[in-house]
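[1] Mind looking at a prediction? Sequence and model below.
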Amino acid sequence: MVELLAPGGNLEKLKMAVLYGADAVYIGGDEFGLRAKADNFSKTDMAEGIKFAHERNCKVYVTMNIIPRNNDFDGMEEYIKELDKMGADAVIVSDPGIFSLVKNAAPNMQIHISTQANNTNYMSAAFWKEQGASRVVLARELSCREISEIHEKNPELELEAFVHGAMCISYSGRCLLSEYMTGRDANKGDCAQACRWSYHLVEEKRPNEYMPVMENERGTYIFNSKDLCLLEHIPELIEAGITSFKIEGRMKSSFYAASVVRAYRMALTEYYKNPSEWKYDEKWLKEASMASHREYTKAFFNGKAEEMQNYSTNSYIRGYDFVGLCEKYDTDNSLVSIAQRNKVSVGDTVEIVMPSGKELSVEISEIFDENGSEIESAPHAQMIFKIRVPESVEEYSIVRKEK
């Protein structure tokens, strides 16, 4: 069966991804990964996260996919050995130097080749396999037909492909724009997302050359990509030889991790019931779209890139609010304790979605603070509040409400 691989930006996000259906998660430590602005994992949290995942038959891959300079190797060998002792299932690398160091420092560690290595053809896939890589993460610029050919030429090699999440305007994420504009190096995990900004194109020396870039008085978001979504194409991707479906989003919320993982898990579960009879269901897209997202694109899936840019805005689409995360259920009083993420008030109707798949709709008639005092709303971030729910609610259940 194909693996469903989810982002784990911190310990809470890892747990949510695991509980809502991921087969594996990818995480980053404090160093050597391409998400410097994510919460990332301390060594203590990483050990706890790996233990939590392994107890639930879920694998953990650790990102080491920076494009390193000489001084980036300081302390790297010791870090690799610590990952090995913790039980990390694989590391994700893009640089041959880091690859060699991993092989020497942890000979039994599985190595996955990052999309940052521009894996666009069957010859490069074969090269990495010969070096000892167990998996190649394919470039996002490939079509389904190209993926199929890479698999046909390398049938024993695991292939991982992005199926959902933010796209990068630069080729396989190799971008210099952020560093040029702000001094923050995207290839060292510190991207400022300069591609999401509004730009004006001005050519002073060619006043008669018309460059149709301007959309309105605010300019245009010329580099701003839509989000990838390939839920409709699960059968084709599996038939093409994909081993692992990768969801982008270590910088995104726990709500995002749970909702998107849940959507793909539901779709994959239906597929494996009867692959030949599988039919796409819009409810999976609705679930994946619960968390904030941009307009969707299939990108390069069909061979020729479809419309991928949104020139009018870089805003997210937000149809639902993540109200909070359930912590414990008081059976005697039928009260569930919730860690708040967004404001909720008496009279609101919320949905409670549990890791087991169960869903409840609850109209809130009462709200209590942590001390049991009745309140009209829960407006403060991270506050603990309680609402009455007539049946048991699982820990890590999501509470959400439509805007």
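    Noted; the coordinates are in hand. Numbering: from 1, shown residues only.

[2] which residues in the stretch 151-300 of the chain form strands?
    158-166, 227-229, 244-247, 296-297 (DSSP state E, counting those that start in this stretch).

[3] Point out the most buried one among these.
    strand 244-247 (a mean of 24; mean count of other C-beta atoms under 10 Å). In this view, the C-beta of every residue, glycine as well, is placed from N, C-alpha and C.

[4] Any idea which helix or strand in this protein has the lowest mean pLDDT?
    The helix or strand of the chain with the poorest confidence is helix 177-182; it has a mean of 67 (mean pLDDT, DSSP states H and E).

[5] Which helix in the chain has the most residues?
    With secondary structure taken from DSSP state H, the chain has its longest helix at helix 254-273.

[6] Mind giving me the packing neighbours of it?
    strand 3-7, helix 11-19, strand 158-166, helix 234-239, strand 244-247, helix 282-288, strand 320-330, strand 398-402 (3 or more C-beta pairs under 8 Å, 6 or more residues apart in numbering; DSSP states H and E).

[7] Run through who's touching the third one.
    What it means is strand 158-166. 5, 7, 112, 115, 125, 134-138, 140, 142, 147, 150-151, 225, 227-231, 237, 241-249, 252, 260, 264, 288, 294 (C-beta atoms under 8 Å, 6 or more residues apart in numbering).

[8] What's the PyMOL syntax to select whichever of those residues are buried?
    Buried residues among these (16 or more other C-beta atoms under 10 Å), as a PyMOL selection:
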select buried, resi 5+7+112+115+125+134+135+136+137+138+140+142+147+150+151+225+227+228+229+230+231+237+241+242+243+244+245+246+247+248+249+252+260+264+288+294
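
[9] picking that back up, same list, the helices and strands packed on helix 254-273, but as TSV with distance to His380 and mean pLDDT please.
    TSV is the format used below for these (distance: least, C-beta to C-beta, whole Å; pLDDT from 0 to 100):
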stretch	distance to His380	mean pLDDT
strand 3-7	28	97
helix 11-19	19	96
strand 158-166	30	94
helix 234-239	41	97
strand 244-247	31	97
helix 282-288	28	94
strand 320-330	11	95
strand 398-402	16	95
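
[10] Of all the ones you listed, which one is nearest Asn371?
    Ranking the helices and strands packed on helix 254-273 by proximity to Asn371 (C-beta to C-beta) places strand 320-330 first, at 13.9 Å.

[11] So what are the sheet partners of the closest one and their directions?
    strand 335-340 (antiparallel), strand 398-402 (antiparallel) (DSSP bridges).

[12] Now distance to Leu11 too, for these, in a markdown table please.
    Listed next are the strands paired with strand 320-330 as a markdown table, based on distance: least, C-beta to C-beta, whole Å:
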| stretch | distance to Leu11 |
| --- | --- |
| strand 335-340 | 14 |
| strand 398-402 | 17 |
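
[13] Using PDB, write out every CA atom in the longest helix of the chain.
    What follows is helix 254-273, C-alpha atoms only, in PDB (Å, rounded to 0.1, in the frame of the first residue of the first chain):
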ATOM      1  CA  SER A 254      -2.200  21.300  13.600                       C
ATOM      2  CA  PHE A 255      -5.600  21.900  12.100                       C
ATOM      3  CA  TYR A 256      -4.100  21.800   8.600                       C
ATOM      4  CA  ALA A 257      -2.100  18.600   9.400                       C
ATOM      5  CA  ALA A 258      -5.200  16.800  10.700                       C
ATOM      6  CA  SER A 259      -7.600  17.900   8.100                       C
ATOM      7  CA  VAL A 260      -5.500  17.200   5.000                       C
ATOM      8  CA  VAL A 261      -4.200  13.900   6.400                       C
ATOM      9  CA  ARG A 262      -7.700  12.900   7.200                       C
ATOM     10  CA  ALA A 263      -8.900  13.700   3.700                       C
ATOM     11  CA  TYR A 264      -6.200  11.700   1.900                       C
ATOM     12  CA  ARG A 265      -6.600   8.800   4.400                       C
ATOM     13  CA  MET A 266     -10.400   8.600   3.600                       C
ATOM     14  CA  ALA A 267      -9.700   8.700  -0.100                       C
ATOM     15  CA  LEU A 268      -7.000   6.000   0.100                       C
ATOM     16  CA  THR A 269      -9.100   3.800   2.400                       C
ATOM     17  CA  GLU A 270     -11.800   3.900  -0.200                       C
ATOM     18  CA  TYR A 271      -9.300   3.100  -3.000                       C
ATOM     19  CA  TYR A 272      -8.000   0.000  -1.400                       C
ATOM     20  CA  LYS A 273     -11.500  -1.400  -0.700                       C
END
